[in-house]
Every structure is written in structure tokens, then in C-alpha cells.
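Q: Provided below are the primary sequence and the corresponding predicted coordinates.
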Amino acid sequence: MLRYSEVLYEQGRYREAETVARTTVRMFRGLCTAPENIQLAEVRNSLAKTLVAQERWGHALEQYDTIRAAMAKDMDSYDRLFSGTLYKGLAMLRTGRNDEAARDLGKALQRTEERLGA
């Protein structure tokens, strides 16, 4: 269902993408999935992205913060998979978390430069 949520997001159907992502999170929780599960974190990340697209900055940061807290014992994976995104950086800027936003946006720029060979 994660991929379906992402398709809806790409189509600009943010509310529907949010609904699918929230339903998927509930499914994972209903199955007693460990909070640090990577797939659950990916769904939460997708949910957060849909919330950013709807300019629901605080709600998006709740998801990003939940991911970080759940993965506190595996910060290497967290840093590799979920830190340094434009979406998270924008939400941080919009909620006044400027220092954190600068770090995340800087990391996003660095990754983009590495990927593009700049």
C-alpha cells in the first residue's frame, strides 16, 4: 500500500495519499509491528511527505520525530534512510526549527551534489 500512496502523491492527490498512508500505519500497528521496523518508518515518511504537501507542517514533523525516536537504537540506518530530506527541512523551517532545518537541508544538498556529480 506504500507504493499506492506514493502514486497518489505523485498525482497530486495528497489527501487520498494521506488516507492510504495512515491506513497502512494502522495496519502495521494492528499487526504489532515493532516501532523501529524500516517498512513502518518508510510509510510514516511517506505520510509526512503528504502532510508537507498539504502545508500541515506540525503534523508532518510529528511523523518525522516519531521515525527518529523509533530508530534511536539504529541511527546509522536513520541517517542513511530518513535524514537530510527537503520535505523534512521545509517542515522544520516552517515551524521555526531553523538550526535543524539548516542541517537537514545541507545534508540534502550534499546528497544531491554527490548523486549528480557536482
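A: Nice, I can see it.
Q: what bits of this protein have low per-residue confidence?
A: Applying pLDDT under 70 to the chain picks out residues 118.
Q: hey, where'd the helices end up in this protein?
A: Counting by DSSP state H, the chain forms helices over residues 2-10, 14-30, 38-53, 57-70, 75-81, 86-94, 98-116, given from the N-terminal end onward.
Q: show me the contacts for the spatially most central residue of the chain.
A: Centroid-nearest residue in the chain, with Cα atoms, centre = their mean: residue 45, separated by 2.6 Å. Residues in contact with residue 45, defined by Cβ atoms under 8 Å, 6 or more residues apart in numbering, are 63-64, 67, 82, 85. Quick note: C-beta positions are derived from backbone N, CA and C, even for glycine.
Q: one step back: deepest-packed of the helices of the chain, please.
A: Between the helices of the chain, helix 38-53 has the highest mean count of neighbours, a mean of 22, where neighbours are mean count of other Cβ atoms under 10 Å.
Q: Using PDB, list the CA coordinates for that one.
A: C-alpha atoms of helix 38-53 as PDB (Å, rounded to 0.1, in the frame of the first residue of the first chain):
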ATOM      1  CA  ILE A  38      12.100   0.000   8.500                       C
ATOM      2  CA  GLN A  39       8.900  -0.600   6.400                       C
ATOM      3  CA  LEU A  40       6.800   1.200   9.000                       C
ATOM      4  CA  ALA A  41       9.300   4.100   9.100                       C
ATOM      5  CA  GLU A  42       9.000   4.300   5.300                       C
ATOM      6  CA  VAL A  43       5.200   4.500   5.500                       C
ATOM      7  CA  ARG A  44       5.500   7.200   8.100                       C
ATOM      8  CA  ASN A  45       8.000   9.100   5.900                       C
ATOM      9  CA  SER A  46       5.500   8.900   3.000                       C
ATOM     10  CA  LEU A  47       2.700  10.100   5.300                       C
ATOM     11  CA  ALA A  48       4.900  13.000   6.400                       C
ATOM     12  CA  LYS A  49       5.600  14.000   2.800                       C
ATOM     13  CA  THR A  50       1.900  14.100   2.100                       C
ATOM     14  CA  LEU A  51       1.400  16.300   5.100                       C
ATOM     15  CA  VAL A  52       4.200  18.700   3.900                       C
ATOM     16  CA  ALA A  53       2.500  18.900   0.500                       C
END
